[in-house]
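Need coordinates for the following:
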Amino acid sequence: MIDPHGNKLVSFHLSKGELEEYSELSNTISSLTLSLKQQCDLEMILNGAFSPLLTFNNQKDYEEILLNNKLLNGVIWPIPIVLDVPNDFLKALDKNEHISLRNAEGFLLAILKVREFWSPNKKDEANSIYKTIDENHPGVDYLFNHTNSNYISGELIPIQSNKYFDFTHLRKSPQEVRDLFRSKRWQDVIAFQTRNPMHRAHFELTRLAMEQHNAKLLIHPVIGISKPGDIDHFTRVKCYQHIIKHYPENSVELSLINLAMRMAGPKEALWHAIIRKNYGCNYIIIGRDHAGPGVDAKGKPYYQPYDAQELISQYQEELEIKMVPFQEMVFPKRIKEIIYPWIKLKKRIR
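Residues are numbered from 1 along each chain as shown. Below you'll find the model as predicted:
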């Protein structure tokens with residue numbers, strides 16, 4: 001099985017005594033209520049999906065990522081994972097101070113021992129990640145209008161995971177997915193990243209990829225944050241559960257990932273490959289306009305259709321997980337097509 005990114009899957013272990021000690025400490029220190037995006041990022045750090053990250057990026061790693069798509073130690077990492085805080089919170093904060101990280105209901109998720117804080121240049125960040133400062137881009141809009149102006153980092157201490165009550169059997173960590181592959185004796189596994197319901201073209205391209213590489217398939221849909229207007233994950237998961245019945249027996253697994261997408265096109269595709277490598281996949285399908293946000297106000301695409309494939313190709317040797325590139329699938333000539341607007345289809349499957 002392929003090694004995790006950075007050669008080791010990150011895991012955190014606290015003794016019962018340490019857990020009790022930090023839980024008591026949490027009642028005496030400042031608390032930061034995390035946004036949904038921050039909760040997703042925290043979960044991905046703590047369960048090892050963002051290996052080799054042990055915490056939110058510090059300033060040096062952040063700057064190196066923006067410049068070179070790498071951490072300071074030279075490991076590929078294209079998207080900064082940062083913890084933003086408001087000005088009034090930062091003013092009351094000292095270095096080496098502990099803060100509680102909580103969800104909107106007040107449940108304690110982790111404690112951060114603050115090591116540093118800084119104010120980023122958001123335009124530089126947007127240009128590096130999204131290649132634009134156009135606020136019609138959903139990632140840029142979130143960065144400029146929904147992200148605080150200060151970032152903090154430090155030592156991360158996990159306390160408890162967010163509790164979920166839907167599809168719990170499908171919410172598997174990287175270690176759990178790896179264990180599942182081992183139990184099934186799967187050696188070669190192709191990851192299929194999606195934020196939409198799967199349709200016939202998706203089915204055919206995944207089936208073809210499996211045949212070409214004599215591999216199994218992990219359908220790995222994002223159920224965290226994706227593009228505004230996307231179909232809710234409850235509906236999508238039911239679609240995935242239905243479609244997997246049409247694959248050969250013992251050839252496909254469905255697992256959900258609570259990832260906060262950035263809609264960053266090429267850089268996000270590279271990031272998705274790293275994440276699926278941590279889940280034990282040694283192939284990933286990268287199709288047309290992977291993780292693209294659509295078009296700008298003038299109807300022009302933010303990225304060219306195959307920019308993502310080109311960027312991954314540049315890092316293929318270092319990346320280790322192999323790209324399975326696909327172009328847009330079309331019907332043969334003279335075949336009758338049924339044109340059905342996507343908006344109407346979304347309404348029907350909801």
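
excluding its backbone neighbours, what's nearest Ile79?
Trp271 (4.6 Å; Cβ to Cβ, 6 or more residues apart in numbering). For every residue, glycine as well, the C-beta is placed using N, CA and C.

what number of residues lie near the closest residue to Asp84 other than its chain neighbours?
Nearest non-adjacent residue to Asp84, counting by Cβ to Cβ, 6+ apart: Asn148, 3.9 Å away. When neighbours are counted by other Cβ atoms under 10 Å, Asn148 registers 16.

Repeat that for Val114.
20.

three-state assignment of the closest residue to Glu97 other than its chain neighbours?
Spatially, and ignoring its direct neighbours in sequence, Glu97 is nearest to Val114 (5.2 Å; Cβ to Cβ, 6+ apart). For Val114, the assignment made with DSSP: H, G, I helix; E, B strand; the rest coil gives strand.

Let's see the distance spanning stretch 208-219 from one end to the other.
Distance across stretch 208-219, first residue to last, is 14 Å (Cα to Cα, to the nearest Å).

pretty sure Tyr130 is touching His137, no?
Yes. Shown here, Tyr130 and His137 form a contact pair, counting by Cβ atoms under 8 Å, at 5.6 Å.

shared neighbours of these two, anything?
Tyr302 (Cβ atoms under 8 Å, 6 or more residues apart in numbering).

From Glu318, how far out is the closest residue to Ala215 other than its chain neighbours?
Distance criterion Cβ to Cβ, 6+ apart; nearest residue to Ala215, sequence neighbours excluded, is Asp188 at 3.8 Å. Per Cβ to Cβ, to the nearest Å, Asp188 is found 20 Å from Glu318.

Could you verify my assumption that the residue nearest to Ala215 touches Asn214?
Yes. Asp188 is within contact range of Asn214, at 6.6 Å (criterion: Cβ under 8 Å).

how far away is the closest residue in space to His202 that isn't next to it in sequence from His5?
Excluding its sequence neighbours, the residue lying closest to His202 (Cβ to Cβ, 6+ apart) is Thr194, at 7.0 Å. Applying Cβ to Cβ, the value for Thr194 to His5 is 21 Å.

just Gln309 next, same as before
Distance from Gln309 to His5, counting by Cβ to Cβ: 20 Å.

Check His202 too.
Going from His202 to His5 by Cβ to Cβ gives 26 Å.

Repeat that for Phe12.
The separation that Phe12 has from His5, given Cβ to Cβ, amounts to 17 Å.

ok, these two, which is more surrounded?
His5 (26 against 14).

Run a quick check on Leu259 versus His233, I expect a contact.
No. Using Cβ under 8 Å as the test, Leu259 is too far from His233 to be in contact (11.4 Å).
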